[in-house]
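Peer 1: dropping the sequence and predicted coords here.
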Amino acid sequence: MDGTDWKRTKFAADIGEDDYNTEVTLCGWVQYTRNLGKMAFVHLRDRSGIAQVTALSKTMDKELFDLIVSVPRESSISVKGIIKQSPQAKAGWEIIPYQVHVLGVAKTPLPLGVVDKVDADMETRLDNRFLDLRKPEIQAIFKIRSTILAAAREVLLEEGFIEIHTPKIVATATEGGTALFEMKYFDKKAYLNQSPQLFKQTMMSTGLDRVFEIGPAFRAEEHDTRRHLNEYTSIDIEMAYANLEDCMDILEMVIQRVYTNVLNENFIDLDILDQHLVAPERPFPRLRYGCIVDKLQNAGLKIKDENTGRNRPIEFGDDIPLEGFKEIAKDRPSLYFVTDWPMKLKPFYIHPHPDDPDLSLGFDLNYGEKELVSGGQRVHEPALLKEMLGRSGLDPETFGFYTKAFDYGMPPHAGWGLGAERLTMIITGASNVRETVLFPRDRYRLVP
RNA sequence: GCCCCGAUGGUGUAGCGGUCCAUCAUCUCGGUCUGUCGAACCGAGGACACGGAUUCAAAUUCCGUUCGGGGCGCCA
């Protein structure tokens, strides 16, 4: 027997007084060993926490004792033993082992210390992500991420949304603007999709009425920041017979549920990360684009003019640079909507404002200076859609697969796309979006 | 694409013309220790990214390359 048939009977954190003097099988990694000569302490770490295994040379075979003290750190082991009450142990109990299996020996030295007293660079950590993820504070991020995605799915299903999956391999640019990753598709040229936008809108013409997709999106932009990824997870919704306000309501519900579920289910993880979350109240504040520009003008914000190359005060119609949102974030450090954007700053599928054709029915949801969500009321009128495509410099012909769905009874609809990693960053307090992805893909990183 | 900054043992760093066969911590290996929990103590091991230049002398200055970090743009 080599121990591979052993089944874990408990996680370390689940052991309590009721278990004293019972047998247990624990599986995990050797966090460290303190060998005092005639006795030794091994800290076994599993997903839940730490169990102390105490070995006494006097009361066990020399062979077993020697095995226990010689296992390198971070080796995978399983331990069968008795849980004994122990006032000297931090947990109040410890494991007295009578059988130990070394299932996977760790090479030494480790490329990355899991509990070393020195921090490692992000690069070293990502190169050795499997070891990095053995740290409770790193695992906490992914446990929270899991709750976030489950919470979003939970609300959307409750609200009558149907989960869909749209193709990631596409023939043409879906929205224009962003650079796409090109790939071979047999003898044709194909691209990785930047967004499910056009497909989820097409679903509005099917009778599914309310759809959502949680899936990858790819952008070939050479952006090099702490908040961009070339492969990220998008939470996208689209709802028919709905307007701007309806989809903003759904968004508020999703965000609120995410906060409450994380608070309820991940309090230990939040504590590990030292995050003090407060669930936001509905409705979230709404700021009009025009008011933000006024405010930034008063604050004296200058931007570089595209034509002259000179600095000038920000004007209505200019996109708001990060510096501008940083200014706004001084008063609004948390969640707020930005509404009534100029039409020229929004993509072709965003509906013009009925009262002012220069304004749009598009919105963003920000957290301080961070953009989290982009959405809005969509153009559903076929003639207007083709006009908007043309105005954006796109050829309606190449979008035939999309516009066709508008020619046969397209209801009014609205929707949004939420960056799952950006939301995870905010909830976990991560300062780099790469922290929220197991194996991030950025401009330079393709491995692991 | 633009603008800064950096690269020293497995890991994280100090040093920034000679006093460096390179500092400290962590780590690894060996030893002592029956209550450790950032164990302690004794001993040992291990590094100047690559290529070129300047100089009597380069980890240190300069140029190039490669690889990172940060900021901007773009966005989620």
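Peer 2: Noted; the coordinates are in hand. Numbers count the residues shown, from 1 in each chain, chains lettered A, B, ... in the order given.

Peer 1: CA atoms for contacts and neighbours, from now on please.
Peer 2: OK.

Peer 1: in three-state terms, label residue A:247 for me.
Peer 2: Assigned state for residue A:247: helix (three-state reduction, DSSP: H, G, I helix; E, B strand; the rest coil).

Peer 1: check the one 5 residues further on too.
Peer 2: Recorded secondary structure, residue A:252: helix (three-state DSSP).

Peer 1: thinking it is in contact with residue A:282, fair?
Peer 2: Yes: look at residue A:252 against residue A:282 with Cα atoms under 8 Å: they come within range, at 6.8 Å.

Peer 1: more neighbours, the two?
Peer 2: Shown here are residue A:252 and residue A:282; by other Cα atoms under 10 Å, residue A:252 has more neighbours (18 against 11).

Peer 1: dump the residue contacts of the more buried one.
Peer 2: A:282-284 (Cα atoms under 8 Å, 6 or more residues apart in numbering).

Peer 1: ranges for the helices of the stretch 101-250 of chain A?
Peer 2: For the stretch 101-250 of chain A, helices defined by DSSP state H, counting those that start in this stretch occupy the ranges A:122-127, A:129-132, A:136-158, A:197-202, A:244-265.

Peer 1: of the ones you listed, which is nearest RNA strand B?
Peer 2: RNA strand B lies closest, by Cα to the nearest atom of the strand, to one member of those: helix A:122-127, at 4.8 Å.

Peer 1: so does the closest one get close to RNA strand B?
Peer 2: Yes: for helix A:122-127, a contact with RNA strand B is found by Cα under 7 Å from any atom of the strand, at A:122-124.

Peer 1: for residue A:215, give the beta-bridge partners.
Peer 2: On the basis of DSSP bridges, residue A:215 is bridged to residue A:234.

Peer 1: wouldn't it be in contact with residue A:233 here?
Peer 2: Yes: using Cα under 8 Å, residue A:215 makes contact with residue A:233 at a distance of 5.3 Å.

Peer 1: what sits against the closest residue to residue A:311 other than its chain neighbours?
Peer 2: Spatially, and ignoring its direct neighbours in sequence, residue A:311 is nearest to residue A:304 (4.3 Å; Cα to Cα, 6 or more residues apart in numbering). Counting by Cα under 8 Å, 6+ apart, residue A:304 touches A:310-312.

Peer 1: which of these fall within strands?
Peer 2: Judged by DSSP state E, the subset of these located in strands is A:311-312.

Peer 1: so which of the contacts of residue A:304 sits lowest on pLDDT?
Peer 2: Here the lowest pLDDT out of the contacts of residue A:304 sits on residue A:310, with 77.

Peer 1: out of everything not next to it in sequence, what's closest to it?
Peer 2: residue A:304 (5.4 Å).

Peer 1: how about residue A:342?
Peer 2: Nearest to residue A:342 is residue A:359, by Cα to Cα, 6+ apart, at 4.3 Å.

Peer 1: gap between that neighbour and residue A:44?
Peer 2: Using Cα to Cα, to the nearest Å, residue A:359 is found at 60 Å from residue A:44.

Peer 1: which of those two has more residues huddled nearby?
Peer 2: Under the neighbour definition other Cα under 10 Å, residue A:359 and residue A:44 were set side by side, and residue A:44 has more, 27 against 22.

Peer 1: the more buried one reaches residue A:51, doesn't it?
Peer 2: Yes: at 5.2 Å, residue A:44 and residue A:51 qualify as touching, with contact defined as Cα under 8 Å.

Peer 1: sketch out the low-pLDDT regions of chain A for me.
Peer 2: Scanning chain A for pLDDT under 70 picks out the ranges A:1, A:173-177.

Peer 1: if we can go back for a sec, what's the closest of the helices of the stretch 101-250 of chain A to residue A:61?
Peer 2: Nearest to residue A:61 among the helices of the stretch 101-250 of chain A is helix A:129-132; the distance by Cα to Cα comes to 32.1 Å.

Peer 1: list the contacts of the closest one.
Peer 2: With Cα under 8 Å, 6+ apart as the criterion, helix A:129-132 contacts A:112-114, A:125-126, A:138, A:438-439.

Peer 1: what sits against the closest residue in space to residue A:253 that isn't next to it in sequence?
Peer 2: Take residue A:253 and drop its neighbours on the chain: the residue closest to it by Cα to Cα, 6+ apart is residue A:155, 7.2 Å away. Residue A:155 sits next to A:253-254, A:257 when contact means Cα under 8 Å, 6+ apart.

Peer 1: thought residue A:76 was touching residue A:31?
Peer 2: No: judged on Cα under 8 Å, residue A:76 makes no contact with residue A:31 at a distance of 9.7 Å.

Peer 1: around RNA strand B, which positions in the stretch 201-350 of chain A sit nearby?
Peer 2: Residues of the stretch 201-350 of chain A found near RNA strand B (Cα under 7 Å from any atom of the strand) are A:219, A:221-232, A:234, A:319-323.

Peer 1: just the buried members of the residues you listed?
Peer 2: Listed as buried from these are A:219, A:228-232, A:234, A:319-320; burial here means 16 or more other Cα atoms under 10 Å.
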